[in-house]
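> Show me how the following folds:
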Amino acid sequence: MTALIAGISGLELTQTDRQIVMHPLVRGVILFKRNYHDYHQLRRLITAIRAIRGKSFLITVDQEGGRVRRFGLPFSQLPALGDLGAVWGDNPDLARALAHTHAWLMAAELLSVGVDMSFAPVLDIDNGSEVIGDRAFSSDPKVVAELGEIYCAGMHAAGMKTTGKHFPGHGTVQADSHHRLPVDTRTPEDIQQNDMVPFARLIAEQKLDAVMLSHVVYARACEQPAGFSAYWSKKILQSALGFSGAIISDDLEMEAATCVGGILARYNACSEAGAHVALTCTPELTCELLASLPRKSPKAPVVQVCHRLLGRSMLDVCQPFWQQKQWVEMRRNLVELQAQASATLK
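Alright, predicted model coming up:
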């Protein structure tokens, strides 16, 4: 059975949240802005979750930078990845340094409070999508691959596993899959030679620990969205590209996911396609799904895949990150690099 990473209600665990967290099929939670008020509240929430399921339970978030930042101050309010790519044309070395520092700060801060993973980096190309845009490093697949590789190395240096998203590429379809079903009518060869370039390179270099599939239909390859498609997960991702890490389906509540039916049909489609993990980002949706499923743990291989995604903080978890020398140095580096980038782009 495919495991779930589920959303919870708010700043504290409700009784419904506790029931979700205790369900054996749920192997982690994903946090949002609704779950964050301040640093100390977040630590209390994470401690409460760990008290129920222990250290092997995944705690995740999307803390990409730019417009996708779930946690406010004192967490670094990092720029969008597209800002890093904008520097590339004038100063590739500066862009590389920014990518490494951005990744390390993002990952180190989260790990120090008990968050295992941010679903990062975005490896889509910026080619007209309503939802991707400056979340992507660049419109050039080779630049995305180059900066993506450095970004992954920065995350690994901080102790966090990486997630490349949204395979095989969401950046070239205009529609936002949160609200509509995007359909990409290009040939598989065109997708392979453009959107898939960053994924293929980082998989070959063993930089990706997980890959999140998109809810996009690539009509000339398969009639199902990629997250529900064995063609993309098994034939292309695993067999053709040799990926052996965790396969994650994007949020099952997104409008694009409803094309296969109700929530149980969506979950079953994920399982049949070979996804190890699926996201259900609201408690209401999670409860509806769990009511239709047996109270069983995922099989051992899925549990092992989830376990391999756990993070390991390189900072002292007993001290706030902003009081630690390594963080202070990296934060200073970021400020200096951003000043250089601003001067470069004038």
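> okay, CA-based contacts and neighbour counts for the rest of this
Fine.
> distance of the residue nearest to the spatial centre of the chain from Gly82?
Per Cα atoms, centre = their mean, the C-alpha nearest to the average position across the chain is that of Phe119, at 1.7 Å. As judged by Cα to Cα, to the nearest Å, Phe119 and Gly82 stand 17 Å apart.
> Same check on Glu288?
37 Å.
> who's more crowded, these two?
Gly82 (22 against 13; other Cα atoms under 10 Å).
> Tell me the secondary structure at the more buried one.
What DSSP: H, G, I helix; E, B strand; the rest coil gives for Gly82 is helix.
> give me every residue that touches it.
Listed by Cα atoms under 8 Å, 6 or more residues apart in numbering, the contact partners of Gly82 are 133-138.
> Just put those in a markdown table and tack on secondary structure.
Converted to a markdown table, these look like this (three-state DSSP):
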| residue | secondary structure |
| --- | --- |
| Gly133 | helix |
| Asp134 | helix |
| Arg135 | helix |
| Ala136 | coil |
| Phe137 | coil |
| Ser138 | coil |
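> returning to what we had before: so who does the residue nearest to the centre of the chain touch?
60-64, 162-165.
> about what we covered before: most neighbours of all the contacts of Gly82, which one?
Of the contacts of Gly82, with other Cα under 10 Å as the count, Phe137 tops at 30 neighbours.
> Quick check: the gap between that one and Gly148.
Phe137 is 8 Å from Gly148, where distance means Cα to Cα.
> Quickly list what's touching both of these two.
With contacts taken as Cα under 8 Å, 6+ apart, the residues that reach both Phe137 and Gly148 are 122-123.
> picking up where we left off before, and which of the contacts of Gly82 is nearest Ala175?
Proximity of those to Ala175 (Cα to Cα) peaks at Gly133, which lies at 11.6 Å.
> hang on, the earlier thing: most neighbours among the contacts of Phe119, which one?
Going by other Cα under 10 Å, Gly164 tops those with 27 neighbours.
> Helix, strand, or coil at it?
Assignment for Gly164 (three-state DSSP): strand.
> got the contact list for it?
Here Gly164 is in contact with 119-123, 199, 208, 210-212 (Cα under 8 Å, 6+ apart).
> Take those and write them to CSV, including pLDDT and secondary structure.
Output for these, formatted as CSV (pLDDT from 0 to 100; DSSP: H, G, I helix; E, B strand; the rest coil):
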residue, pLDDT, secondary structure
Phe119, 98, coil
Ala120, 98, coil
Pro121, 98, coil
Val122, 98, strand
Leu123, 98, coil
Phe199, 98, helix
Leu208, 98, coil
Ala210, 98, strand
Val211, 98, strand
Met212, 97, strand
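> I'd guess Gly311 is in a strand, am I close?
No: assessed by three-state DSSP, Gly311 does not belong to a strand; its assignment is coil.
> That one contacts Thr162, correct?
No: between Gly311 and Thr162 there is no contact, the gap being 10.0 Å when judged by Cα atoms under 8 Å.
> Quick check: neighbours shared by those two?
Joint contacts of Gly311 and Thr162 (Cα under 8 Å, 6+ apart) are Met117.
> re earlier: roughly how far apart are the residue nearest to the centre of the chain and His100?
Taking Cα to Cα, one finds Phe119 at 16 Å from His100.
> how about the helices of the protein, start to end?
All helices of the chain, identified by DSSP state H, fall at 15-22, 39-53, 81-88, 92-112, 141-158, 188-193, 197-204, 230, 263-273, 283-290, 300-307, 325-345.
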